[in-house]
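Trainee: give me a 3D structure for the following:
(2 chains)
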Amino acid sequence: DTEVTQTPKHLVMGMTNKKSLKCEQHMGHRAMYWYKQKAKKPPELMFVYSYEKLSINESVPSRFSPECPNSSLLNLHLHALQPEDSALYLCASSQNRDSHTDTQYFGPGTRLTVL
Amino acid sequence: AQSVSQHNHHVILSEAASLELGCNYSYGGTVNLFWYVQYPGQHLQLLLKYFSGDPLVKGIKGFEAEFIKSKFSFNLRKPSVQWSDTAEYFCAVNRAAGNKLTFGGGTRVLVKP
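Mentor: Numbering: from 1, shown residues only, chains lettered A, B, ... in the order given. Below you'll find the model as predicted:
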């Protein structure tokens, strides 16, 4: 089973709202990732968690706040977003970030619209 | 910084035609190479991957890719496409160990029935 689940599927929020995106995997993977994908563009890495610790932050604005409560869950807290933050937010997981043969598996994404 | 280039942004072909999508990367060290596919309305799925060994890699749904180290290339091929292969295809590269995936710009493939 290589399933990564994400909720919600769609989210519409105002610029003053606070919302959260959730990601879950039950494959025993110890690395989890957030990507942002704008329309007709490739995914761009935002954050990497390895063994529940933040290991990579790709200079993401502080209005995006990741959280990894345990090895199966990854959240992305959103606050004071801008309309240009509207995108598909993808979660991925992999067995071990430092493994030579690591492979990332992606969830279906949350389509976020900021009004 | 490593970069990944996909030469074709859009490809249109008829069913039963052969498909080849180009991918070149810039990093000179040891890399892992991937092709992902994104069908309309669906999530990114892994088609195939190369870590080491035989440079000709076979994946799902009849796809294969060839790693040519001297050309920094990892081209994707399928001998005979079907309408259901209509999708966007992404090449991705990461350095061996570290797993920071860098994606190419993607190629939209439309297969006409």
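Trainee: so what's B:Gln6 bridging to?
Mentor: Beta-bridge pairing for B:Gln6 (DSSP bridges): B:Cys23.
Trainee: err, A:His77, not the other one
Mentor: Beta-bridge pairing for A:His77 (DSSP bridges): A:Ser20, A:Ser65.
Trainee: flag the shaky bits of the chain, pLDDT-wise.
Mentor: You didn't pick a chain, so chain A it is. For chain A, the stretches with pLDDT under 70 are A:1-2, A:97-100.
Trainee: could you do chain B instead?
Mentor: B:1-2, B:96-99.
Trainee: next up, the contacts around residue 39.
Mentor: Assuming you mean chain A. A:Ala39 makes contact with A:Ala87, according to C-beta atoms under 8 Å, 6 or more residues apart in numbering or on different chains. To be clear about C-beta, it is placed using only N, CA and C from the backbone, and glycine gets the same treatment.
Trainee: other chain: chain B
Mentor: B:45, B:86-87.
Trainee: ok, A:Glu52 next?
Mentor: Counting by C-beta under 8 Å, 6+ apart, A:Glu52 has contacts A:68, A:70-71.
Trainee: with A:Ser62 instead?
Mentor: Shown in contact with A:Ser62 (C-beta under 8 Å, 6+ apart): no residues.
Trainee: what about it, which SS state?
Mentor: coil (DSSP: H, G, I helix; E, B strand; the rest coil).
Trainee: hang on, the earlier thing: just the buried ones out of the contacts of A:Glu52, please.
Mentor: Buried members of the contacts of A:Glu52, counted by 16 or more other C-beta atoms under 10 Å in any protein chain shown: A:68, A:71.
Trainee: out of the contacts of B:Tyr39, which are inside helices?
Mentor: Using DSSP state H, no member of these sits in helices.
Trainee: neighbour-wise, which of the residues you listed leads?
Mentor: B:Ala87 (20 neighbours; other C-beta atoms under 10 Å in any protein chain shown).
Trainee: that one bridge partners, please.
Mentor: Judged by DSSP bridges, the bridge partners of B:Ala87 are B:Val109.
Trainee: hang on, it packs against B:Leu44?
Mentor: No. B:Ala87 lies out of contact with B:Leu44 (C-beta atoms under 8 Å); the separation is 10.2 Å.
Trainee: overlap in contacts, these two.
Mentor: Residues touching both B:Ala87 and B:Leu44 by C-beta under 8 Å, 6+ apart: B:37-38.
Trainee: how close does B:Asn8 sit to A:Met27?
Mentor: 33 Å (C-beta to C-beta, to the nearest Å).
Trainee: same check on A:Arg63?
Mentor: Distance of A:Arg63 to A:Met27, computed by C-beta to C-beta: 30 Å.
Trainee: list the buried residues for stretch A:67-86?
Mentor: By 16+ other C-beta under 10 Å, the buried positions in stretch A:67-86 come out as A:68, A:71-72, A:74-76, A:78, A:81, A:85-86.
Trainee: please apply the same query to stretch A:23-37.
Mentor: For stretch A:23-37, the neighbour count (16+ other C-beta under 10 Å) marks A:23-25, A:29-37 as buried.
Trainee: what about B:Val81, neighbour count?
Mentor: For B:Val81, the neighbour count with other C-beta under 10 Å is 22.
Trainee: what do you get for A:Leu115?
Mentor: Close neighbours of A:Leu115, defined as other C-beta under 10 Å, add up to 10.
Trainee: now it: closest residue in space, sequence neighbours ignored.
Mentor: Nearest-residue entry for A:Leu115: A:Gly14, 5.4 Å, with adjacent residues in sequence omitted and distances by C-beta to C-beta, 6 or more residues apart in numbering or on different chains.
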